[in-house]
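Enquirer: Following is a predicted model, sequence given first.
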Amino acid sequence: MRKILTNGKIYIEKNNFQEALLIEDGIIKAVGSREEMAKYPADEIIDLEGKTVKGLWPYGRN
């Protein structure tokens, strides 16, 4: 199952935020702008309404 969380502040690391993320089968597959995530097909799209998502480390540190 693919979910896109969009329209939020996705905390990646200090002073680095993105707008959206893609989760597939419980694993974060991509983060980026709303436009970038809109390219992926999704079973569910969740509007974060500007809320902040934290705790994604170590995803943001490749």
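Expert: Cool, the structure landed.

Enquirer: Could you pull out the strands in this structure for me?
Expert: All strands of the chain, identified by DSSP state E, fall at 2-6, 9-13, 16-18, 20-24, 27-32, 44-47, 52-53.

Enquirer: quick one: buried residues of the third one?
Expert: Meaning strand 16-18. Of the residues in strand 16-18, those buried under the neighbour-count criterion (16 or more other C-beta atoms under 10 Å) are residue 18. Just so you know, the C-beta spots here come from the backbone N, C-alpha and C atoms, and that holds for glycine as well.

Enquirer: tell me which strands and helices it is in contact with?
Expert: Identification of packing neighbours for strand 16-18 by 3 or more C-beta pairs under 8 Å, 6 or more residues apart in numbering; DSSP states H and E yields strand 9-13.

Enquirer: For the residue nearest to the spatial centre of the chain, list each beta-bridge partner.
Expert: The C-alpha lying nearest the average C-alpha coordinate of the chain belongs to residue 21 (C-alpha atoms, centre = their mean; 1.6 Å). Partner residues in beta bridges with residue 21, using DSSP bridges, are residue 5, residue 31.

Enquirer: Report the contact partners of it.
Expert: Residues counted as contacts of residue 21 (C-beta atoms under 8 Å, 6 or more residues apart in numbering) are 4-5, 10, 28, 30-32, 37, 53, 56.

Enquirer: Quick check: residue 10 touching residue 17?
Expert: Yes - in terms of C-beta atoms under 8 Å, residue 10 counts as a neighbour of residue 17; the distance is 6.1 Å.

Enquirer: Just the buried residues of the helix or strand bottoming out on mean pLDDT in the chain, please?
Expert: With mean pLDDT, DSSP states H and E as the measure, the helix or strand of the chain carrying the lowest mean pLDDT is strand 9-13 (a mean of 88). If you call a residue buried by 16+ other C-beta under 10 Å, then strand 9-13 has these buried ones: 10-12.
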